[in-house]
Every structure is written in structure tokens, then in C-alpha cells.
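In: Mind looking at a prediction? Sequence and model below.
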Amino acid sequence: MDNSLNDQRPPVPAWDEGTDGGSPRFILRLYVTGMTPRSLRAIAQMTSICSEYLPDRHDLEIIDIYQHPSLASQDQIIASPTLLKTSPPPEIRLIGELSNRQRVLSSLGIAGSE
């Protein structure tokens, strides 16, 4: 967990092309509540998905809402865990258990998840 986060994030472009110029870069924020078993499972699941399906074309920011409540408020987070995908469009939110890998992949629109 990055405890050096401040409440002012630099702006992220609405659409960020990946390093290869053709694949979109996924901008993801995972909101968790401390280091509970549920939070740890969500972190492990998203880290695994990003490594396997989005290598070198994702930014995954893990935010503990206990440590950074203003970030959660800014993004209107009301439950945990919540995954927020801001890029590529459209913005999506997955709220609650992220253990259903197929559901997460499909919701993110990741090719090859069929």
C-alpha cells in the first residue's frame, strides 16, 4: 500500500494510448478498507488480472479509504471493495466481491476474456 499518496492526483488523460500506440492504457483505481481478507483478495485478483491481461498497459492505484477518505469522497465511493476504471471509456464501477474473474474481465472489456 502506498502511504505516500496525497489527496491531489495529477490529471489523467481521458484516453491514454498504450506504449505500443494501438492498445489503450487502462487506468484503474481499487478502493479497499484496510488489510481485511476481502481487501487482500480483491488486491490479489486485480494484480493477477493486470499482470496477465494488461502487461505494460495499465495503471492500478490501490487506495485504502481509511487512510485516504477524501479520495473516496472525490470518486463517490460508498462501498468496498470498489474497482473504478476511468480509461479507456466508458467509466465503469465494479462494487463488491471481485472473485468472479470472468465477470471482472467482461466488465473491463478485456479481449480474450470470452
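Out: Noted; the coordinates are in hand.
In: Mind checking what helix or strand follows the biggest helix by length in the chain in sequence?
Out: Identified as the longest helix of the chain according to DSSP state H is helix 37-53. Next helix or strand after helix 37-53 toward the C-terminus (DSSP states H and E): strand 58-64.
In: where does the helix or strand following that following strand sit relative to the chain's centre, distance-wise?
Out: Next helix or strand after strand 58-64 toward the C-terminus (DSSP H and E): helix 69-74. Distance of helix 69-74 from its chain centroid, counting by CA atoms, centre = their mean, to the nearest Å, is 15 Å.
In: For helix 69-74, buried residues please.
Out: Going by neighbour count (16 or more other CB atoms under 10 Å), the buried part of helix 69-74 is Leu71, Ala72. To be clear about C-beta, it is placed using only N, CA and C from the backbone, and glycine gets the same treatment.
In: And stretch 27-38, by the same measure?
Out: Ile27, Leu28, Arg29, Leu30, Tyr31, Val32, Thr33, Arg38.
In: what are the bridge partners for the fifth one, then?
Out: In other words, Tyr31. In this structure, Tyr31 bridges to Ile63, Thr82 when assessed by DSSP bridges.
In: Let me know the pLDDT of it.
Out: For Tyr31, the pLDDT comes out at 98.
In: same check, this time on the second one
Out: As summarised for this prediction, Leu28 has a pLDDT of 98.
In: Which helix or strand contains it?
Out: Under the criterion of DSSP H and E, Leu28 resides in strand 26-32.
In: helices or strands next to that strand in the packing?
Out: Strand 26-32 sits against helix 37-53, strand 58-64, strand 82-87, with contacts defined as 3 or more CB pairs under 8 Å, 6 or more residues apart in numbering; DSSP states H and E.
In: low pLDDT regions in the chain?
Out: 1-22, 111-114 (pLDDT under 70).
In: hmm, 90 instead?
Out: Applying pLDDT under 90 to the chain picks out residues 1-24, 97, 110-114.
In: isn't Gln45 right next to Leu98, touching?
Out: Yes - using CB atoms under 8 Å, Gln45 is in contact with Leu98, at 4.9 Å.
In: So these two - more neighbours on which side?
Out: Leu98 (22 against 19; other CB atoms under 10 Å).
In: Among the helices and strands packed on strand 26-32, which comes closest to Leu108?
Out: strand 82-87 (6.0 Å; CB to CB).
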